[in-house]
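**Student:** Structure for the following, please:
(2 chains)
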Amino acid sequence: MAWITKPSGTMKIERRAEPYLTAEMRRDLSERYLPRYERKMGALLPALHMVQHAYGWVPFQAMEEIAAFLEISAAEVYDTASFYEEYWLKPKGRHLVSVCRSIACEFCGQTEITEAVKAALGIDVGETTDDGEFTLIELECLGSCGGAPAILIDEVLHESVTPGQIPELLAKARAESNGHGHGHGHH
Amino acid sequence: MWQPKINAPVLTKRIPTPPYGNMRDRHVVSYDEYIKTGGYVGLRKALSMKPDDVTEEVKKSQLRGRGGAGFPTGLKWTFLPKVEEGKDPGMRYLAINADESEPGTFKDRLLMDFDPHLMLEGIAIACYACRLKKAYIFIRGEYHHQAKVLENALKEAYEHGIFGNKGLLNGASNWSVDCYVHRGAGAYICGEETALLEGLEGKRGWPRIKPPFPALKGLFGKPTIINNVETLAHLPSIIENGWEWFSKQGCNSTIGGPPSWGTKLMGMSGHVNQPGCYEFDLGIPLRTFVEQYCGGMRNGKKFKAAIPGGVSMGILGTDQYDAELDFDIGRKHNVLGLGTACPTVFDEDTDMVAVARNIARFFKHESCGQCTPCREGSGWLYQLLGRIEEGNAKTKDLDLALEIATSMGSMPGTTICGLADGNNWAVRTIMNKFRPEFEARVRPTFVPVRVTVGAGAKG
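**Tutor:** Numbers count the residues shown, from 1 in each chain, chains lettered A, B, ... in the order given. You can find the predicted model right below:
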């Protein structure tokens, strides 16, 4: 978690004219979150969650915008954003498939679940499908040990899954994005 | 033969749980249902008492923190700076630790899934007793559903004047409290109390050096109490029924330590027929839990080992199946402690080297990187255990692994927080209690010895 290094010497930040931190997000932060905390920086995790939720990742430009909004340095935002795993510093697929690999899950059949997802999507752990629909990761305990093995597809938890259920669960997630067309992901 | 002391569930009163109810009947308890079933009675009673008397009641109940360390809750509260009656103590905070991330643990989740008002009532009681003005529920990022349930329950609680500027319980007290949900973002270390405070302040979750302790200088430098979800959920019934009632549940220490009174949420996982989260008196033997309440071992297999409550606690060996799940367990059975009392059980087919490797990988992944012994040691241990599992290690690597574990975790003062200790206890107890399995996986180390035989040899 703490081991991300950046190519400082050669790094260029990609920019776009339209801000990532929309007027609506700024209003929500000002009205709902800032009054909660003694210092503005307290609202940093909620702000990063907003950006992560809207775009599927946290671009550097968004970090600069958040920094300006909370009156802290961009380095402080980057420091926090790079520490927490839920914030993606690179674009990912529209859907995130997270397979739990912790103790109860691994010893109740997690490896078969990971293999089933890999086979269904044709990618390895840590990769994104060519159509940008799915990213597959393994993560530590989802707090679902009584329902091992467990996987989290986007924000929905599935417990006691079997390899046979995987194609159906993935198809359901795919159908959802076709139906609503909401703008996660980057493609 | 172990017998329960309670005849009705306490924490799971509204959450149907075997043997008292059917898990299929579980549903989110709304404010109305909570009130109809005796909710917020404990808070009402607390508000009729002096704040210090509430603290005294909790102290007498000897309620021990349910987050893993078992520290007495009432005692923790008394570390706050004293407040003279009628004087404004200034800003003081409550941080609720709902960052349940320890592998094997899934108990706080049960309360947040189904009966969120029980914890909210506990929060209100704690804030009243300790004169705290704001409460933040720090919930782990992966608990999406639970965060929504909580937000909803908070909305109801505000609408009915539990929280908000009118004063607790719609003005029943002039002490007003605000309560918020603060979502974490996928970092196990934020369950450490000072790392949690850093996360609340918007910083990376690096544990702070203590002292100063949070009760004096915590969130934003103000006095702060950090309590676990389940600990807070115990408060309403303790205040309503008194500490003597609480002391009749659970068990006393058999080795002269402080008692393990009260019930405990216990999440069973692993190779049993009916895993899930249950509520029992503290002191239930692991064997009874598995055989009597979880339908026995899966596929008729034999018990081999169990983690008592979260991977950092170490392992109970095959001969420790009868271990009682109470706060004495650490000293009696050579594990770090009871932890969260959520056992993960392994059957006879389990490869203990793989178990050690899995746990070492977890700690390597979750080490925050602040202290060198933990950051480097956790990675090194994981590499070594990986080599042992693959059959590419030598006998001396076993000693090396034990030495790394011991030097990163058992020696006091090597690291700021307890993560390295957890790593050490897990790896060391597995290697010691299942040594032959590890030895069978390594190749002998050949030590070249120069021996001169014959006339040149010296006696």
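**Student:** and the end-to-end length of stretch B:409-426?
**Tutor:** 10 Å (Cα to Cα, to the nearest Å).
**Student:** before we move on, what about stretch B:61-72?
**Tutor:** Termini of stretch B:61-72 sit 9 Å apart (Cα to Cα).
**Student:** element containing the residue lying closest to B:Asn423 once chain neighbours are set aside?
**Tutor:** Spatial nearest neighbour of B:Asn423, excluding adjacent residues (Cβ to Cβ, 6 or more residues apart in numbering or on different chains): B:Phe363 at 4.0 Å. From N, CA and C alone the C-beta is placed, and that goes for glycine too. For B:Phe363, the host element (DSSP states H and E) is helix B:352-366.
**Student:** returning to that earlier point: next, count neighbours for the residue nearest to B:Asn423.
**Tutor:** 28 (other Cβ atoms under 10 Å in any protein chain shown).
**Student:** mind checking pLDDT for it?
**Tutor:** With respect to pLDDT, B:Phe363 scores 97.
**Student:** if I pick it, what's in contact with it?
**Tutor:** B:312, B:378, B:381-382, B:419-420, B:422-423, B:426 (Cβ atoms under 8 Å, 6 or more residues apart in numbering or on different chains).
**Student:** Okay, strands next: where are they in chain A?
**Tutor:** A:95-100, A:134-139, A:151-153, A:156-158 (DSSP state E).
**Student:** what's in contact with the second one?
**Tutor:** The contact list for strand A:134-139, computed with Cβ under 8 Å, 6+ apart, reads A:85, A:92-101, A:114, A:117-118, A:121, A:123-129, A:152, A:170, A:173-174, B:142, B:186.
**Student:** So which of these belong to helices?
**Tutor:** Among the contacts of strand A:134-139, the ones falling in helices (DSSP state H) are A:114, A:117-118, A:121, A:170, A:173-174.
**Student:** Pull out the buried members of those.
**Tutor:** A:114, A:117-118, A:121, A:170, A:173 (16 or more other Cβ atoms under 10 Å in any protein chain shown).
**Student:** With adjacent residues omitted, what lies nearest to B:Ser101?
**Tutor:** B:Tyr188 (4.3 Å).
**Student:** so who does that neighbour touch?
**Tutor:** A:140-141, B:99, B:101-102, B:362, B:366 are the contacts of B:Tyr188 under Cβ under 8 Å, 6+ apart.
**Student:** low pLDDT regions in chain A?
**Tutor:** A:1-7, A:179-187 (pLDDT under 70).
**Student:** How is it divided into domains?
**Tutor:** A:23-83, A:95-179 (automatic domain parsing).
**Student:** ok, for the residue of chain A most remote from its centre, nearest residue in space, not its chain neighbours?
**Tutor:** Taking Cα atoms, centre = their mean, the residue of chain A most remote from its mean C-alpha position is A:Glu38, at 27.6 Å. In space, and not counting its chain neighbours, A:Glu38 is closest to B:Phe220: 4.2 Å by Cβ to Cβ, 6+ apart.
**Student:** What residues does that neighbour make contact with?
**Tutor:** So B:Phe220 contacts A:37-39, A:42, B:91, B:93, B:201 (Cβ under 8 Å, 6+ apart).
**Student:** sorry, back to before: and the contacts of B:Tyr188, which of them are in helices?
**Tutor:** Going by DSSP H, the helices hold B:362, B:366 from the contacts of B:Tyr188.
**Student:** For ChimeraX, write the select line for the buried members of the contacts of B:Tyr188.
**Tutor:** Only the buried entries of these go into this ChimeraX selection, using 16+ other Cβ under 10 Å:
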select /A:140,141 /B:99,101,102,362,366
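**Student:** just to revisit the earlier point, mean neighbour count, the strands of chain A: which tops it?
**Tutor:** Highest mean neighbour count among the strands of chain A (mean count of other Cβ atoms under 10 Å in any protein chain shown): strand A:95-100, with a mean of 24.
**Student:** which strands and helices sit next to that one?
**Tutor:** When contacts are defined as 3 or more Cβ pairs under 8 Å, 6 or more residues apart in numbering or on different chains; DSSP states H and E, strand A:95-100 sits against helix A:110-121, strand A:134-139, strand A:151-153, helix A:166-180.
**Student:** what do you get if the cut-off is 6 Å, keeping everything else the same?
**Tutor:** Counting contacts by 3 or more Cβ pairs under 6 Å, 6 or more residues apart in numbering or on different chains; DSSP states H and E, strand A:95-100 is packed against helix A:110-121, strand A:134-139, strand A:151-153.
**Student:** Send me it as CSV with only the CA atoms.
**Tutor:** Extracted in CSV, the C-alpha atoms of strand A:95-100 (Å, rounded to 0.1, in the frame of the first residue of the first chain):
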residue,chain,number,x,y,z
HIS,A,95,-16.5,-2.9,-13.4
LEU,A,96,-14.2,-3.9,-10.6
VAL,A,97,-14.2,-7.6,-9.7
SER,A,98,-12.5,-8.0,-6.3
VAL,A,99,-11.8,-11.6,-5.1
CYS,A,100,-11.1,-12.0,-1.4
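**Student:** and for it, what are the contacting residues?
**Tutor:** The contact list for strand A:95-100 (Cβ atoms under 6 Å, 6 or more residues apart in numbering or on different chains) reads A:113-114, A:117, A:134-139, A:142, A:150-154, A:173.
**Student:** Closest to B:Gly413 out of the residues you listed?
**Tutor:** A:Leu139 (31.8 Å; Cβ to Cβ).
**Student:** Distance check, that closest one against B:Gly314.
**Tutor:** 24 Å (Cβ to Cβ, to the nearest Å).
**Student:** Likewise for B:Glu244?
**Tutor:** Distance from B:Glu244 to B:Gly314, by Cβ to Cβ: 34 Å.
**Student:** More neighbours: which of the two?
**Tutor:** B:Gly314 (26 against 9).
**Student:** my read: the more buried one touches B:Leu338, true?
**Tutor:** No - B:Gly314 is beyond contact range of B:Leu338, at 11.3 Å (criterion: Cβ atoms under 6 Å).
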